[in-house]
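Asker: sequence below, structure please.
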Amino acid sequence: MFLGTHAPRLDDKGRLILPAKYREELADGLVLTKGQDGCLYVFPAGEFGRITEALRTAPVTAKAVRDYSRVLFASASDEELDRQGRITIPPGLREYAGLDRDCVVIGANTRLEIWAASAWASYLEQQEPAFSAASEEVLPGVL
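Answerer: Below you'll find the model as predicted:
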């Protein structure tokens, strides 16, 4: 499970240091892809395999499945951590997420998300009031 918020910086070569606490779970490889809301998703290879299998069994006749699968897999990049715990983010993914120097990496349960720092701040500003006001109808039986 991935938890927490971290603020690494993207270097001039498009590399980002992932926090040390996440590296063991990502040691066998990871998949970096477009996420929703303008961020990037980082999945451990095994978790991405689970998602792949679930989508494989979904009906290709369902337009939503086709659309989601196309964007997810077309933008996906297999990556490995280097010795310093860095990943290289391909230019197209950096552009999609608006990444320049200041980034935020958040733990999001089974994945990490990489955000431009300004985009994450805007997202939190918009979403925290709804989070505070969440009622049982939003997450029945969870909390």
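Asker: from now on I want contacts and neighbour counts done on CA atoms only, so please keep to that.
Answerer: OK.
Asker: isn't Ala45 up against Leu30?
Answerer: Yes - here Ala45 lies in contact with Leu30, judged by C-alpha atoms under 8 Å, at a distance of 4.5 Å.
Asker: more neighbours: those two, which one.
Answerer: Set side by side, Ala45 and Leu30 show more neighbours around Leu30, with 22 against 19, by other C-alpha atoms under 10 Å.
Asker: pLDDT below threshold where in this protein?
Answerer: Within the chain, the ranges that satisfy pLDDT under 70 run 135-143.
Asker: spatially central residue for it, please.
Answerer: Nearest to the geometric centre of the chain sits Tyr41, at 1.8 Å (C-alpha atoms, centre = their mean).
Asker: that one in helix, strand or coil?
Answerer: Secondary structure, DSSP: H, G, I helix; E, B strand; the rest coil: Tyr41 is strand.
Asker: what sits against it?
Answerer: By C-alpha atoms under 8 Å, 6 or more residues apart in numbering, the contact list for Tyr41 reads Val31, Leu32, Thr33, Lys34, Gly35, Arg111, Leu112, Glu113, Ile114.
Asker: can you list the helices and strands that the helix or strand harbouring the last one packs against?
Answerer: The reference is to Ile114. If you go by DSSP states H and E, Ile114 is part of strand 111-116. Under the contact definition 3 or more C-alpha pairs under 8 Å, 6 or more residues apart in numbering; DSSP states H and E, strand 111-116 sits against strand 40-44, strand 103-108.
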